[in-house]
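**Student:** predicted model, plus sequence, below.
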Amino acid sequence: APQFPAIVPSLQYDAVFSGSGLLALFIVKRVLRRKKPRWILFNTYFANLLRRNRFGIKANIIRAALASADAIISTSTHQNAVLAEHGLDPRKLFFIGEGIDRDFYSRGGQTARRIPYEYVFSAGRDIGRDYGTLLKAVTDSDIPVVIGALPRNFPGITEFPQNVCVEYFPPDVYRAVIRESRFMVVSAVPDDNVRGSDSTGLYVLLEAMACGKAVIVSRRRAFDDYFTNGKNGIVVEPEDPRALKEAIRYLWDNPRVAQEMGTRNRELVFARFTTEQFAKELAEIIARLCAPRAQTAS
């Protein structure tokens with residue numbers, strides 16, 4: 001129902017860029033059969049949505065809506081592969097690397113709540129994050145760990161190791177907490193687990209890299225477009241606390257290696273994964289879709 005008020009106003013535009021609104025898209029394109037506006041979807045969860053809804057009326061509407069989009073922008077090539085496996089036209093699927101606000105991560109940020117000891121940082125509120133494995137990995141460890149998350153990220157967990165601090169950090173303080181950490185950990189569920197977004201952990205990964213930090217990540221195919229094992233950090237198998245523990249110990253005991261990885265990460269992100277680059281590539285796709293020739297061809 002909340003999508004309905006957007007339907008009529010959308011008809012006056014040449015293009016609509018949305019991260020949801022599949023029902024509105026379905027009505028405009030399939031029910032009203034409107035070629036205008038060109039509808040561009042930003043894909044954060046469609047691959048998992050299709051995998052969660054394989055049968056029934058809802059599944060049919062989801063597939064029809066996605067097929068009706070003029071373009072789908074994904075932030076990983078793996079997302080596009082899954083969409084193609086579900087029958088979507090590969091010509092409508094585009095990959096644009098996720099973008100970080102370069103200016104925000106170039107500034108210092110507040111340090112009013114600075115943590116007065118060395119620590120490893122992990123953060124993110126997406127329900128696809130796997131903090132349970134991280135907690136198992138650092139139990140009985142002498143390495144301090146700070147986690148920036150919400151209570152919903154710890155279902156069934158009531159006790160935390162003494163070396164673990166869990167807290168929510170406002171955005172400007174959060175940036176400082178990343179910068180002051182030794183390195184970061186992004187522990188996420190496996191690819192075959194449809195909990196959370198398609199690219200859970202991706203934005204936190206880029207935040208860490210933009211702040212010049214090495215990162216330990218769970219193996220997820222969405223990270224392959226951004227991260228090289230051994231160069232940008234360490235990849236461990238998901239739900240493997242022993243492997244994660246060993247990776248954390250290695251980077252903790254080898255700060256120079258972590259620093260070198262962090263330097264490469266910052267250079268990579270600022271060269272390829274900024275909001276400016278994302279906007280430029282998106283604008284080019286929209287311009288092609290809205291060109292008179294594109295309208296005639298359809």
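**Tutor:** Looks like it arrived, so ask away.
**Student:** got the CA coordinates for stretch 260-270 in PDB?
**Tutor:** In PDB, the C-alpha atoms belonging to stretch 260-270 read as follows (Å, rounded to 0.1, in the frame of the first residue of the first chain):
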ATOM      1  CA  GLU A 260      50.600  -2.400   4.200                       C
ATOM      2  CA  MET A 261      47.200  -4.000   3.300                       C
ATOM      3  CA  GLY A 262      45.400  -1.000   4.700                       C
ATOM      4  CA  THR A 263      47.400   1.400   2.600                       C
ATOM      5  CA  ARG A 264      46.600  -0.600  -0.600                       C
ATOM      6  CA  ASN A 265      43.000  -0.700   0.400                       C
ATOM      7  CA  ARG A 266      42.600   3.000   0.800                       C
ATOM      8  CA  GLU A 267      44.300   3.600  -2.600                       C
ATOM      9  CA  LEU A 268      42.000   1.100  -4.300                       C
ATOM     10  CA  VAL A 269      38.800   2.400  -2.900                       C
ATOM     11  CA  PHE A 270      39.600   6.000  -3.700                       C
END
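**Student:** chain center to that stretch: distance?
**Tutor:** Relative to the centre of its chain, stretch 260-270 is centred 18 Å away, using C-alpha atoms, centre = their mean, to the nearest Å.
**Student:** show the average pLDDT along that stretch.
**Tutor:** Averaged over stretch 260-270, pLDDT sits at 97.
**Student:** what are the buried residues along it?
**Tutor:** The neighbour-count check on stretch 260-270 (16 or more other C-beta atoms under 10 Å) flags 261-262, 264-266, 268-270 as buried. Bear in mind the C-beta positions are built from the backbone N, C-alpha and C, glycine included.
**Student:** do the same with stretch 76-90
**Tutor:** 76, 78-80, 82-83, 86, 88.
**Student:** ramachandran coordinates for G99?
**Tutor:** phi -120, psi 140 (degrees, to the nearest 10).
**Student:** so what's it up against?
**Tutor:** Residues in contact with G99 (C-beta atoms under 8 Å, 6 or more residues apart in numbering) are 273-279.
**Student:** can you redo those as CSV with secondary structure?
**Tutor:** Formatted as CSV, the contacts of G99 follow (DSSP: H, G, I helix; E, B strand; the rest coil):
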residue, secondary structure
F273, coil
T274, strand
T275, helix
E276, helix
Q277, helix
F278, helix
A279, helix
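**Student:** so E98: helix, strand or coil?
**Tutor:** Following three-state DSSP, we place E98 in the coil state.
**Student:** now for it, how many residues are close by?
**Tutor:** By other C-beta atoms under 10 Å, the residues close to E98 number 22.
**Student:** with E239 instead?
**Tutor:** Neighbours of E239 under the rule other C-beta under 10 Å: 17.
**Student:** tell me the SS of the closest residue to it other than its chain neighbours?
**Tutor:** In this structure, E239 finds its nearest non-sequential neighbour in T133, 5.4 Å apart by C-beta to C-beta, 6 or more residues apart in numbering. Under three-state DSSP, T133 falls in the helix class.
**Student:** contacts only, for I216.
**Tutor:** Contacts of I216 (C-beta under 8 Å, 6+ apart): 183-186, 233-236, 244, 247-248, 251.
**Student:** quick check, it in a strand?
**Tutor:** Yes - judged by three-state DSSP, I216 forms part of a strand.
**Student:** strands along the stretch 151-298 of the chain, start to end?
**Tutor:** Here the stretch 151-298 of the chain has its strands, by DSSP state E, counting those that start in this stretch, at 164-167, 184-186, 215-218, 233-236.
**Student:** just checking: what are the partner strands of the first one?
**Tutor:** To tie it back to what came earlier, the one meant is strand 164-167. Applying DSSP bridges to the sheet, strand 164-167 is found paired with strand 145-148 (parallel).
**Student:** who's in contact with the strand it pairs with?
**Tutor:** Counting by C-beta under 8 Å, 6+ apart, 115, 119-124, 131, 134, 138, 161, 163-169, 174, 177, 181, 185 sit against strand 145-148.
**Student:** sort out which residues of stretch 62-81 are buried, please.
**Tutor:** 62-63, 65-76, 78-80.
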